[in-house]
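S.K.: give me a 3D structure for the following:
(one chain, ligands or ions: 1)
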Amino acid sequence: MSSPAAEAGVERLAGLMRAADSVVALTGAGISVPSGIPDFRTPGTGLWATVDPMEVAHIDVFRREPERFWAFYGQRFASLEGSRPNRAHAALVELEARGAIDAVITQNIDCLHRAAGSRDVVEVHGSIATASCRACGEAVPLAEVRSRFERAPDGVPRCSCGRALKPDVVLFGEMLDEGAMRRAAGLAARADLLLCVGSSLEVHPVAGLPEVTLRRGGAVALVTKGPTPFDREAAVKLDGDVEAELVALAAALS
Ligand code: ZN
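M.R.: Numbering: from 1, shown residues only. Take a look at the predicted model:
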């Protein structure tokens, strides 16, 4: 932490966390950016420079043109597979191990919280860990999906029943997993502090979780670059380097 203002912000956040019985983290794309995973909402980055993910990563494209869907998603899998958790993920693991946070709710599908060692992770947009058959329900682990993808003459990994596999992530045009969302809402409702990291809090229904915490009398802290709809209500806002900030927070609470 270089600036005194940033240090004061971390101290304030640490103080709120010490005083809270229940702290829940809510993470978005920003926490995975230091792992080399581009935030697709930032235009012109990597994969997203040439395709509009909201158009291609859509359930209708998967249904009608699985070849086109997988031509895009296969690249995405490849770029995610080589990525590793960063120091921000590690700091949340440390905080959970010390009992300073109860759980991590994430919008990310990259499995990096689990890879880092977080134990209680609620993946509200699903994850790339598996892909499933919508006809018979067979679930296939990532490595096997990749190998079927590479062997498939049309580039579409298939179930043993012959249907195209669908990544177990929530695509555009799909509903969020109801069970995961209910759990996330329950955690947000009983949190004294919702620690929002790397999320612009613009994508509903996850964007409604800070509202749930605030309505129940809890507080919201933001560790996020750029504006969010909760900047005014937030008890603390840090908008610098996410790794440096979470590392400093974990150190302040040790
Ligand atoms: Zn099947």
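S.K.: so where's this protein uncertain?
M.R.: Along the chain, the parts satisfying pLDDT under 70 run over 1-2, 40-50.
S.K.: the helices in it, which residues?
M.R.: 4-19, 53-56, 59-64, 66-81, 87-97, 112-116, 142-151, 178-190, 209-215, 242-252 (DSSP state H).
S.K.: just checking, Gly9 touches Ala235?
M.R.: No - at 10.4 Å, Gly9 does not count as touching Ala235 under the criterion of C-beta atoms under 8 Å. In short, each C-beta sits where N, CA and C put it, glycine included.
S.K.: which residues of the stretch 101-250 of the chain lie near the ion?
M.R.: Cys133, Ala135, Cys136, Glu138, Cys159, Cys161, Arg163 (C-beta under 5 Å from the ion).
S.K.: what's the neighbour count on the closest residue to the third one other than its chain neighbours?
M.R.: Beyond its immediate neighbours in the sequence, the residue positioned closest to Cys136 (C-beta to C-beta, 6 or more residues apart in numbering) is Cys161, lying 4.9 Å away. Using other C-beta atoms under 10 Å, Cys161 is surrounded by 10 other residues.
S.K.: can you check Glu67 too?
M.R.: By other C-beta under 10 Å, neighbour count at Glu67 equals 12.
S.K.: so it sits against Gly155, correct?
M.R.: Yes - if you go by C-beta under 8 Å, Glu67 and Gly155 touch, sitting 5.9 Å apart.
S.K.: contact partners for the closest residue to Pro210 other than its chain neighbours?
M.R.: Among residues not flanking Pro210 along the chain, Val220 sits closest, at 4.6 Å (C-beta to C-beta, 6+ apart). Contacts for Val220 (C-beta atoms under 8 Å, 6 or more residues apart in numbering) come out as Leu193, Leu194, Cys196, Pro210, Thr213, Leu214, Phe230, Glu233, Ala234, Ala235.
S.K.: residues near Asp52, how many?
M.R.: 12.
S.K.: how close does it get to the ion?
M.R.: Asp52 sits 30 Å away from the ion, going by C-beta to the ion, to the nearest Å.
S.K.: before we move on, what about Leu201?
M.R.: 37 Å.
S.K.: now that residue: phi and psi?
M.R.: Leu201 adopts backbone torsions of phi 50, psi 40, taken as degrees, to the nearest 10.
S.K.: now do the closest residue to Glu11 other than its chain neighbours against Leu238, distance only.
M.R.: Of all residues beyond its chain neighbours, the one nearest Glu11 is Ala252 (6.3 Å), with distances taken as C-beta to C-beta, 6+ apart. With distances taken as C-beta to C-beta, to the nearest Å, Ala252 is found 12 Å from Leu238.
S.K.: and Gly15, by the same measure?
M.R.: 14 Å.
S.K.: among those two, which residue is more densely surrounded?
M.R.: In this view Gly15 and Leu238 are compared by other C-beta under 10 Å, and Leu238 has more residues nearby, 25 against 14.
S.K.: test my guess that that one contacts Glu11.
M.R.: No - at 10.9 Å, Leu238 and Glu11 do not qualify as touching, with contact defined as C-beta under 8 Å.
S.K.: anything in contact with each of the two?
M.R.: Contacts common to Leu238 and Glu11, judged by C-beta under 8 Å, 6+ apart, are absent.
S.K.: next, count neighbours for Asp154.
M.R.: 11.
S.K.: show me which residues of stretch 176-184 are buried.
M.R.: Leu176, Asp177, Ala180, Met181, Arg183, Ala184 (16 or more other C-beta atoms under 10 Å).
S.K.: measure the residue nearest to Asp154 when sequence neighbours are not counted to the ion for me?
M.R.: Counting by C-beta to C-beta, 6+ apart, Asp154 lies nearest to Glu67, which is 5.4 Å off, once chain neighbours are set aside. As judged by C-beta to the ion, Glu67 and the ion stand 18 Å apart.
S.K.: what's the answer for Met17, then?
M.R.: Distance from Met17 to the ion, by C-beta to the ion: 46 Å.
S.K.: longest single strand anywhere in the chain?
M.R.: The longest strand of the chain (DSSP state E) is strand 126-133.
S.K.: this completes my enquiry, with thanks.
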